[in-house]
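J.: Below are the sequence and a predicted model for it; my questions follow.
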Amino acid sequence: MKFVRNTTFLLFALFWATVLPAEIYETSRMDELYGHLEPGMLVVFDIDNTLIEPVQELGSNQWFENRIKEYFSHGYSNHNALHTALKEWIAIQHITFVKLVEPGIDEVVKDLQGKGYTVMGLTTRDLTLSDRTAEQLQSVGIDLSKTAPTQEEVFFMNERGVLFHKGSLFTAATHKGEALHKFLEISGYQPSSVMFINDKYSHLIPVEEYCSQSGIPFVGLRYGHTDEKVKSFCKQIADVQFYHFGHILSNESAERILHERD
């Protein structure tokens with residue numbers, strides 16, 4: 001595990017100060033989180049490219065980001081490029097099969113839950129995918145509701161509607177730190193510390209900021225297991241799969257069609 005940074009935030013309350021550590025580490029193995037666990041810690045998992053990913057290129061995070069760039073290059077505004085790609089991505093999620101990002105992640109989650117740790121998901125996914133996300137997670141042996149901060153469904157506004165459903169907080173691309181803050185206040189759960197695992201460094205920062213402002217020790221894991229897959233994303237294969245949308249082709253089948261065209 002590579003140590004990325006160790007920052008210290010000085011928080012003043014009344015006339016005294018407390019120093020709280022906020023550490024972010026780089027890792028490509030989920031089981032390395034065990035080295036940072038503390039009693040009473042809330043363990044928060046991102047979902048896409050952290051717990052699960054589609055079984056093919058189409059519908060992956062890297063496909064979505066590439067799709068936005070493609071629409072933008074065709075003259076779409078930033079807003080329209082994002083929302084057009086998002087509609088397609090959501091449609092794909094409703095039918096695609098998924099797999100674990102790393103073999104054994106399901107056992108890590110179950111082990112944490114079995115040891116009594118509070119575990120939940122935190123995702124930029126839209127509320128419309130709440131049921132489907134639970135189904136996708138269940139298909140790979142993960143149930144984030146087992147030791148979640150609450151078993152109740154929670155809805156609130158955070159620029160847009162945010163929903164906590166079956167163990168996951170669906171932030172609809174709003175500020176993750178503010179969303180987590182509001183959710184924990186509403187649910188009445190007060191963690192002694194927070195660990196957040198996410199494939200994107202930029203998504204760790206909002207939660208780190210919330211923890212700093214709230215006086216909660218924070219550990220972030222920038223999980224890079226899919227980094228090489230993201231770099232080697234094959235748009236041509238994804239384009240063939242999108243053309244056959246409704247019957248998603250495997251990477252191998254799409255590649256075979258590509259070769260037949262040559």
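T.: Yep, it's here.

J.: Could you double-check that Arg29 lies in contact with Ile197?
T.: No: applying Cβ atoms under 8 Å, one finds Arg29 not in contact with Ile197, separated by 11.1 Å. The C-beta positions use only the backbone N, C-alpha and C, and glycine is treated the same way.

J.: Which of these two has more residues huddled nearby?
T.: Higher neighbour count among Arg29 and Ile197: Ile197, with 25 against 14, using other Cβ atoms under 10 Å.

J.: That one - that's part of a helix, no?
T.: No: Ile197 is assigned strand when assessed by DSSP: H, G, I helix; E, B strand; the rest coil, not a helix.

J.: which one is it nearest to, not counting chain neighbours?
T.: Here the nearest residue to Ile197 in space, its sequence neighbours aside, is Leu221; by Cβ to Cβ, 6 or more residues apart in numbering that works out to 4.4 Å.

J.: Tell me how many other residues crowd that neighbour.
T.: Leu221 has 27 neighbours, counted by other Cβ under 10 Å.

J.: May I have the beta-bridge partners of the closest residue to Ile47 other than its chain neighbours?
T.: Counting by Cβ to Cβ, 6+ apart, Ile47 lies nearest to Thr123, which is 4.4 Å off, once chain neighbours are set aside. Thr123 has the following beta-bridge partners by DSSP bridges: Phe170.

J.: show me where the stretch 151-262 of the chain has strands.
T.: Ranges of strands in the stretch 151-262 of the chain, per DSSP state E, counting those that start in this stretch, are 154-158, 160-165, 168-170, 193-198, 218-223.

J.: Serialize those to CSV and add fields for distance to Tyr117.
T.: Formatted as CSV, the strands of the stretch 151-262 of the chain follow (distance: least, Cβ to Cβ, whole Å):
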stretch, distance to Tyr117
strand 154-158, 20
strand 160-165, 18
strand 168-170, 16
strand 193-198, 9
strand 218-223, 13
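
J.: Tell me which of those strands lies nearest to Leu42.
T.: Counting by Cβ to Cβ, Leu42 lies closest to strand 193-198 out of the strands of the stretch 151-262 of the chain; the figure is 4.9 Å.

J.: Report the inter-axis angle for the closest one versus strand 218-223.
T.: Angle, strand 193-198 to strand 218-223, by axes from the mean of the first three to the mean of the last three Cα atoms, to 10 degrees: 20 degrees.

J.: Could you list every helix and strand in contact with strand 193-198?
T.: If you count contacts as 3 or more Cβ pairs under 8 Å, 6 or more residues apart in numbering; DSSP states H and E, strand 193-198 packs onto strand 41-45, helix 201-214, strand 218-223.

J.: Show me what it is in contact with.
T.: 30, 33, 36-38, 40-46, 50, 122, 204, 207-208, 211, 216-223 (Cβ atoms under 8 Å, 6 or more residues apart in numbering).

J.: Go ahead and confirm the residue nearest to Ile47 touches Ser168.
T.: Yes: if you go by Cβ under 8 Å, Thr123 and Ser168 touch, sitting 6.0 Å apart.

J.: quick one: terminal-to-terminal distance for stretch 244-253?
T.: 11 Å (Cα to Cα, to the nearest Å).

J.: and that stretch, average pLDDT?
T.: For stretch 244-253, mean pLDDT rounds to 81.

J.: So what touches that stretch?
T.: 55-59, 91-92, 95-96, 234, 237, 240-241, 254, 257.

J.: Could you name every residue contacting both of Thr123 and Ser168?
T.: Counting by Cβ under 8 Å, 6+ apart, the residues touching both Thr123 and Ser168 are 47, 133.

J.: quick one, which of those two is more surrounded?
T.: Using other Cβ under 10 Å as the criterion, Thr123 and Ser168 rank with Ser168 on top: 26 against 23.

J.: Report the separation between that one and Pro206.
T.: Going from Ser168 to Pro206 by Cβ to Cβ, to the nearest Å gives 17 Å.

J.: Thank you, goodbye.
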